[in-house]
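J.: fold the stuff below for me.
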Amino acid sequence: MLLNSKSLLEQLYDGYDEEYDCPILDEDRVVDELDNQMREGGVIVDYHGCDFFPERWFHIVFVLRTDTNVLYERLETRGYNEKKLTDNIQCEIFQVLYEEATASYKEEIVHQLPSNKPEELENNVDQILKWIEQWIKDHNS
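T.: Down below sits the predicted model:
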């Protein structure tokens, strides 16, 4: 993502969440920091939530979905604490991120993609690239 400078990332934090063992992102600062780049276009945003990003930023939204057994193993391997692990699994079960996306953006631009196996990752990349190519064709004619 665009935010690759450690000092810039630290400026976008607003504290630390001890319960989840992670920094707290200052969403307003993130939007302010990215706004000019997003207006220029051609940017892909990869994040685990979307409700604070302005609707005008996106032409399409992809929500990656993972089987809860696969997700549990991934998060356990990353060393997530029990609370963080349980909350992430519950979010997947209840489709929290998908519902957040459909509530934040036009439903027709929100798409779900499976993300369980490496070959699904490859298929997702192919599908997203095809969408980008088509969007470029449609908007440059």
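J.: residue ranges for the strands of the chain, please.
T.: For the chain, applying DSSP state E gives strands covering 13-17, 22-25, 61-65, 110-114.
J.: most neighbours per residue, which of these?
T.: Highest mean neighbour count among the strands of the chain (mean count of other Cβ atoms under 10 Å): strand 61-65, with a mean of 18. (C-beta placed from N, C-alpha, C; glycine too.)
J.: which residues touch that strand?
T.: 50, 92, 97-98, 101, 105, 109-115, 124, 128 (Cβ atoms under 8 Å, 6 or more residues apart in numbering).
J.: do that again at 6 Å, thanks
T.: By Cβ atoms under 6 Å, 6 or more residues apart in numbering, the surrounding residues in contact with strand 61-65 are 97-98, 101, 105, 109-115.
J.: between these, which is closest to Tyr72?
T.: Proximity of the contacts of strand 61-65 to Tyr72 (Cβ to Cβ) peaks at Ser115, which lies at 13.9 Å.
J.: ok, what's across the strand from the spatially closest residue to that closest one that is not a sequence neighbour?
T.: Nearest-residue entry for Ser115: Leu64, 3.9 Å, with adjacent residues in sequence omitted and distances by Cβ to Cβ, 6 or more residues apart in numbering. For Leu64, the beta-bridge partners are Leu113 (DSSP bridges).
J.: the strands of the chain: which one's closest to Glu76?
T.: Of all the strands of the chain, it is strand 22-25 that lies closest to Glu76, at 16.1 Å by Cβ to Cβ.
J.: pull up the pairing partners for that closest one, direction included.
T.: Take DSSP bridges as the rule and strand 22-25 pairs in its sheet with strand 13-17 (antiparallel).
J.: how about a markdown table for the strands of the chain, with distance to Glu76 and mean pLDDT added?
T.: Formatted as a markdown table, the strands of the chain follow (distance: least, Cβ to Cβ, whole Å; pLDDT from 0 to 100):
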| stretch | distance to Glu76 | mean pLDDT |
| --- | --- | --- |
| strand 13-17 | 19 | 93 |
| strand 22-25 | 16 | 92 |
| strand 61-65 | 18 | 96 |
| strand 110-114 | 20 | 97 |
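J.: cheers, nothing more for now.
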